[in-house]
Structure formats: structure tokens, C-alpha cells
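> model this:
(2 chains)
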Amino acid sequence: MEHAASPIETLACHEIVLRLALKREFVSGDSVDAFLLRPSDNGYLSVYRQAKVSLEECSKTFKKVHGAFSLHAGRVRDIHVPGCPSLEVIADESPVDKCPGHAAILNLPDPQADFERAQRLASLLKRCGRQLV
Amino acid sequence: MIGSVPYIPPPPPSFRALSAVGSLYSWVPTYSLLSSGGTTLVQASANVLFPNAQVALDDLFSIDPLFSKFAQTILLLRQKDPNEPDEDIAATAYSVAQAFYLTPMSRLVLSRAWKTPQVVTDGYGGIRMTWSENGRDVRVAIPASETGKSRLYWEEGDAYGSVSDATPTTLTKFLRWMTDGTRRIAD
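Residues are numbered from 1 along each chain as shown, chains lettered A, B, ... in the order given. Predicted structure coming up:
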């Protein structure tokens, strides 16, 4: 997905974002894979702003959505792992997006290059989020 | 179940047998996958010197319902998920073979305590496996090719760490730690 150019809008701490589970395994058991970067993420973890789009509306724009996690932007920013820059949550809408309200969580490490920190951050992101039915 | 008889996994091997199997695994080559009559079977083809280990491995893939179901799940990762973006690729034959190399020992050792992990592709052709029990997590990341190494991550609350070169013995050790709430990570 293309990312919007500047200016960068950081989301308010109270704002809630939705991390969609596009694979069934992302909402299975205690898996944290929903919060580990994949090649298609291009270095950013895609989320959607609940204030701009509901889960139901957003799900209709994807082939299949198996569930979702809701997270507060402020709690995402509060996550710290030694050796990692702080996470940031920014608005990332583009006119070509099928679903409005696209945002991104920045500064997640590449799971291939920084395995341990990526796993730890994924754990912490899942802990601070809430899985939606 | 096998007919009307419930399948009961064999008891954990003795420490002596475990040592023999452990040293065996240090040089067991990759497994070969065979197809038969439209049903995909997985048979471990390993150069073994320990006859009972071969029988145990054969039983795992063909008779043990839990492990054979796990094996089928792993094999399915070779198929591209049509709902996935094009950039994310299915598991490679190498990563599947590594999954079958890493896991049997832990099944044999843990026996009934062994649980099927959550498995998923990583999008790069590798495989991720996740076990979680007693508030403890064990995760294994298998690379797409032999240029990478399988890695293991463990976590309990605020304590966490990783092993850069996961082996069957390493995985078994951490899964034993996970299933035994009284065991410390250093044990």
C-alpha cells in the first residue's frame, strides 16, 4: 500500500486504532504474529483509525478479515524495549486507499534483522491491545 | 484412535535413550516428503543407528494423531494463501523440512505434555511456531533457506530472551520449561 507524503500527522494518544487480522492464525491462541512485520507491510504496521472507519466498514474492503485488535495510540507510544526507538502512530491516508482512516505504527524492527526485539515488541503490542470478536 | 483403541503416546524415553537420540539429531539429514494415493504422508528418512528412534519417528508421522495433524498443518503452509498479498510468499521446502527436523524430539520427550503449536508463514518463505502455556511463551522462527538459522524466543512476563541457533535439543529444553511451571529457565 502506498504511503502518503508529508505533512505527518501523529495521532492523539486517546485515539483508538484497529489492527486487522487478515490471516486466521493472527487471532489463534496466543500468537503475536499480527504484530510482526511481513514483506507486504513495507516497514510499517498498518492500522485503521476507529474514529474514521468502523471495523465492519473496513472489513468489507478486504477479501477476508478474521478478527481485529484495538489499541490506544498513547499506549503504543508507551511501549519501550531497550535498544529500540519509540513507536509512533501516524495518519497515513492516501486517495487510492479503498478503506479510509489508514494509519501506521512506525519503528517496529524487522523480524529478520532484529529477531528478539521484534518478538518482544509484538508481545507488548498484543498485551496493550484488546482482541475484538 | 486406531480402530477402537485409543492411541496412547509412548512414555518418555529414559535419560540414556534421550542422550542417544539427542546425539543422533546432531547429524540427522533433512526429511523427505512422500505422497501416496492422493494422501500426503510424511515419512522421516533418516540415517539412524538407533533402531528404536527410527520406529518412534515413523510412529510420530504415521500413527500419532496429534503429531501427524501438526505435520499436515505444516505441509499446508506450502500452499500460497490466496487472501495474502503477492509480496508474502508461502513456506519453502527447506523451512518445512526444518520444522520436521526440530519438532519430533520434543514430542517424544514431552509425550502427553506436548501441544500442537500455532503455525504460520512469515511471508518470507519461513515458518513461525508458537507455544504458550503457564504464562510462558516459546516461539521458533525458521528461515526460508539454509543461509539463515532457526531462532527461538522465550518469554515469561518481563523476562525474555532468545537463542540464535535453535536445535531439537534446545526446543525440547524450552518446551519442558514451558510445560513445567516449576522449572527455571536455567534448569
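> Enumerate every residue touching A:Met48.
Heads up, residue A:48 is Tyr, not Met. A:Val17, A:Leu18, A:Leu20, A:Cys58, A:Cys99, A:Gly101, A:His102, A:Ala103 (CB atoms under 8 Å, 6 or more residues apart in numbering or on different chains). C-beta here means a position set from N, CA and C on the backbone, and glycine is covered the same way.
> in what helix or strand does it lie?
Per DSSP states H and E, A:Tyr48 falls inside strand A:45-49.
> Starting from that strand, tell me which strands it pairs with and how they run.
strand A:16-21 (antiparallel), strand A:102-106 (antiparallel) (DSSP bridges).
> what's the following helix or strand after that strand?
Counting by DSSP H and E, what follows strand A:45-49 is helix A:55-59.
> Hmm, B:Thr179 and B:Asn134 touching each other?
Yes - between B:Asn134 and B:Thr179 a contact is recorded at 7.1 Å, counting by CB atoms under 8 Å.
> Which of those two has more residues huddled nearby?
A direct count of neighbours by other CB atoms under 10 Å in any protein chain shown for B:Asn134 and B:Thr179 places B:Thr179 higher, at 19 against 13.
> quick revisit: which one among the contacts of A:Tyr48 gets closest to A:Val81?
If you rank these by distance to A:Val81 using CB to CB, A:Val17 comes first, at 19.6 Å.
> sorry, back to before: could you redo the contacts of A:Tyr48 as TSV and give each row pLDDT?
Shown next, in TSV, are the contacts of A:Tyr48 (pLDDT from 0 to 100):
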residue	pLDDT
A:Val17	97
A:Leu18	96
A:Leu20	94
A:Cys58	90
A:Cys99	90
A:Gly101	93
A:His102	94
A:Ala103	96
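> Can you pick out the most distant pair from these?
Using CB to CB, the contacts of A:Tyr48 reach their maximum pairwise distance at A:Val17 and A:Cys99, which is 12.7 Å.
> With neighbour numbers in mind, choose between those two.
Between A:Val17 and A:Cys99, counted using other CB under 10 Å, A:Val17 has the larger neighbour count: 28 against 18.
> Quick check: that one touching A:Ala68?
No - the criterion here is CB under 8 Å, and A:Val17 misses it with A:Ala68 at 10.0 Å.
> How about the residues of chain A by chain B?
A:22-23, A:25-26, A:28-33, A:36, A:38-40, A:63-64, A:111-112, A:115-116, A:119-120, A:123 (CB under 8 Å from any CB of the partner chain).
> Which ones among those lie within strands?
Judged by DSSP state E, strands contain none of the residues of chain A next to chain B.
> residues in chain B within reach of chain A, list them.
B:81-89, B:118-120, B:122-124, B:128, B:130, B:132, B:137, B:139, B:141, B:148, B:151, B:153, B:155, B:160-162, B:164.
> Residue 86: what's it in contact with?
This is for chain A. Contact analysis of A:Ser86 by CB under 8 Å, 6+ apart lists A:Arg77, A:Ile79, A:His80, A:Asn107.
> switch to chain B, that's the one I care about
A:Ser40.
> how about stretch A:100-109: buried residues?
For stretch A:100-109, burial by neighbour count (16 or more other CB atoms under 10 Å in any protein chain shown) applies to A:Gly101, A:His102, A:Ala103, A:Ala104, A:Ile105, A:Leu106, A:Leu108, A:Pro109.
> ok, and what's touching that stretch?
Counting by CB under 8 Å, 6+ apart, residues outside stretch A:100-109 touching it are A:1, A:3, A:11, A:17, A:35, A:37, A:43-53, A:58, A:76, A:84-94, A:117-118, A:121, A:125.
> Over to stretch B:169-187?
Counting by CB under 8 Å, 6+ apart, residues outside stretch B:169-187 touching it are B:22, B:25, B:102-103, B:105-106, B:109-110, B:113-114, B:131-134, B:136-138, B:140, B:152, B:154, B:156, B:159, B:161, B:163.
> what pLDDT does B:Leu57 get?
At B:Leu57, the model reports a pLDDT of 70.
> That one reaches B:Thr103, doesn't it?
No - contact criterion CB under 8 Å: B:Leu57 and B:Thr103 do not qualify, at 11.0 Å.
> if we can go back for a sec, and the residues of chain B next to chain A, which of them are in strands?
Using DSSP E, the residues of chain B next to chain A in strands are B:118-120, B:128, B:130, B:132, B:137, B:139, B:141, B:151, B:153, B:155, B:160-162.
> For chain B, which residues score under the pLDDT cut-off?
B:1-56, B:186-187 (pLDDT under 70).
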